[in-house]
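Asks: my questions concern the predicted model and sequence given below.
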Amino acid sequence: MFAGAGAAWASCGGTEALVNKAAAGLAGTIIGAISAATGSITALDEAQTEELIGSIKVLTKQVQTSTSNSDDSTRQAEEAGASFQTALATNEVINKMVLDLKSQGYDPCAQASATKQMATAEAQVTAALPQRIAAEVQAGGGRYGDLSTVLRQREQQHKALFCTQAEVTAGLCSSLGAVPGGDSNASLIFSSDTSPNMLAAKNAAINNIIGMPDALPPAGSANTPQGQAYLLAKKQKDAFLAFPAYSLKAIQSDAEGFDSFMSERVGQYFGTDRAAQWAHDQASEAERGVLVDTVKIEGLLLKLHERQLKQSLRAEADQAAELALENKRINGQRVEAAQMAVAAANARSKVAP
């Protein structure tokens, strides 16, 4: 363009140098502007590039930090979860150990209550036995009675309560009794039935075994030799009868007031539905609970052995009394004869001149 312009101005003459000068100046300006713009663009690009690189570095660091924090959080969460599971398992073990150590065996409250009731019943039966012997045994120690009156009362009671079918058929009774043959049925003594008719039958059976009460001695005879002999014989008889009377009334009292409690305690472990439930419970019972139940069973066995010992002592006492009676039967007549001979000799010596 500039070359063409130079040619045009040249045809007019004298302008070529001015045009070349103006064109050269304009070209320098343009080149300078382009160079300046190029420098500015390059500087801006470099600045933006540095800023972008810095931002990328910051972003990368933030991502790394975030990832590290996330890893730390995950690790801490996992550690916390593991610690919780460990603490939970430890607590479960401790709780089980505590429960095992506190285990009282099968249904401990009910068993404790039943044991207390049994002990109370035994104490009541033992305390009431002497009073029952004194009140219910007609031929008890130190008691006297009119024989005809006692016989009439027993006969009336028999016809009212104890008549058998055989007696009705024979015309001895008008109707069958509520407890036929009850006044001679020793098996009733072992019954736990405490209804009025059954109690009457038990007491009547025991009184028929012990016998009739002794009649009162005639007034004023107590100071005579015969009266003294009668009272001595009465005391001896009462002493011997005290043993069977005590044993019979003890059997009756235990059957009525204690044996049911003992049966309930034994039934906890043997032969009942409750025993089956107890056996089922043992499969999941703690070791200490099983040991506690074992101790309770051993304690119950001790109580049974104690009662067997008392029964054996009663039997031994009865046998000792029976031996004394047999000795009296064998040797008593000779001893009495010798005593009478001595008494007669003393009497003769007192009246001799």
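Replies: Received, thanks.
Asks: what sits closest to the spatially most central residue of the chain if chain neighbours are left out?
Replies: Against the mean C-alpha coordinate of the chain, by C-alpha atoms, centre = their mean, the closest residue is Pro108 at 1.9 Å. Of all residues not flanking Pro108 in the chain, Val292 sits nearest, at 7.7 Å (C-beta to C-beta, 6 or more residues apart in numbering). From N, CA and C alone the C-beta is placed, and that goes for glycine too.
Asks: give me the number of residues near the one you found?
Replies: Val292 has 18 neighbours, counted by other C-beta atoms under 10 Å.
Asks: so it is in contact with Gly105, correct?
Replies: Yes. If you go by C-beta atoms under 8 Å, Val292 and Gly105 touch, sitting 3.8 Å apart.
Asks: gap between Ala286 and Asp293?
Replies: Distance of Ala286 to Asp293, computed by C-beta to C-beta, to the nearest Å: 11 Å.
Asks: what of Thr115?
Replies: From Thr115 over to Asp293 (counting by C-beta to C-beta), the distance is 13 Å.
Asks: what about the two, which has more around it?
Replies: Regarding Thr115 and Asp293, a neighbour count based on other C-beta under 10 Å identifies Asp293 as having more, with 23 against 17.
Asks: helix or strand: which one has the more buried one?
Replies: Assigned by DSSP states H and E, Asp293 belongs to helix 287-351.
Asks: and that helix, what does it pack against?
Replies: helix 16-102, helix 225-257, helix 259-267, helix 273-282 (3 or more C-beta pairs under 8 Å, 6 or more residues apart in numbering; DSSP states H and E).
Asks: of those, which shows the lowest average pLDDT?
Replies: Mean pLDDT is lowest for helix 16-102 out of these, coming in at a mean of 64.
Asks: name the nearest residue to Gly182, sequence neighbours excluded.
Replies: Ala201 (3.0 Å).
Asks: enumerate every residue touching the one you found.
Replies: By C-beta atoms under 8 Å, 6 or more residues apart in numbering, the contact list for Ala201 reads 161-162, 179, 182-183, 185, 188.
Asks: ok, Ala123 - contacts?
Replies: The contact partners of Ala123, taken as C-beta under 8 Å, 6+ apart, number zero.
Asks: just the pLDDT for it.
Replies: Predicted confidence (pLDDT) for Ala123: 93.
Asks: could you say which helix or strand holds it?
Replies: helix 108-136.
Asks: got the angle for that helix vs helix 287-351?
Replies: 10 degrees (axes from the mean of the first three to the mean of the last three C-alpha atoms, to 10 degrees).
Asks: just how off-centre is helix 108-136 within its chain?
Replies: Relative to the centre of its chain, helix 108-136 is centred 20 Å away, using C-alpha atoms, centre = their mean, to the nearest Å.
Asks: tell me the angle of that helix relative to helix 259-267?
Replies: Using the same axes, to 10 degrees: helix 108-136 against helix 259-267 is 150 degrees.
Asks: beyond helix 108-136, next helix or strand please.
Replies: Remark: after helix 108-136, the chain's next helix or strand is helix 147-157, criterion DSSP H and E.
Asks: so how far is that following helix off the chain centroid?
Replies: Taking C-alpha atoms, centre = their mean, one finds the center of helix 147-157 at 51 Å from the center of the full chain.
Asks: try stretch 331-340
Replies: Distance, centroid of stretch 331-340 to centroid of chain: 63 Å (C-alpha atoms, centre = their mean).
Asks: then stretch 315-328?
Replies: Using C-alpha atoms, centre = their mean, the offset of stretch 315-328 from its chain centre is 44 Å.
Asks: for the nearest residue to Gln228 once chain neighbours are set aside, grab phi and psi.
Replies: Nearest residue to Gln228, sequence neighbours excluded (C-beta to C-beta, 6+ apart): Ala222, at 7.2 Å. Note on Ala222: its backbone torsions stand at phi -60, psi -30 [degrees, to the nearest 10].
Asks: quick check: the gap between Ala222 and Thr272.
Replies: On the measure of C-beta to C-beta, Ala222 and Thr272 end up 59 Å apart.
Asks: and Ser195, by the same measure?
Replies: Ser195 sits 25 Å away from Thr272, going by C-beta to C-beta.
Asks: give me the more crowded residue out of the two.
Replies: Neighbours were counted for Ser195 and for Thr272 using other C-beta under 10 Å; Thr272 has more, 14 against 11.
Asks: pretty sure Ser260 sits against Ser192.
Replies: Yes. Using C-beta under 8 Å, Ser260 is in contact with Ser192, at 5.4 Å.
Asks: look at the closest residue to Ala242 other than its chain neighbours and say how many residues are nearby.
Replies: Excluding its sequence neighbours, the residue lying closest to Ala242 (C-beta to C-beta, 6+ apart) is Gly141, at 5.7 Å. Gly141 sits with 15 neighbouring residues when counted by other C-beta under 10 Å.
Asks: domain assignment for the protein?
Replies: Segmentation of the chain into domains, based on automatic domain parsing, reads 2-100, 108-135+219-351, 146-212.
Asks: please work out which of those domains is packed deepest.
Replies: The highest mean neighbour count among those, using mean count of other C-beta atoms under 10 Å, belongs to domain 146-212: a mean of 16.
Asks: report the distance from it to the chain centre.
Replies: For domain 146-212, the separation from the chain centroid amounts to 43 Å (computed by C-alpha atoms, centre = their mean).
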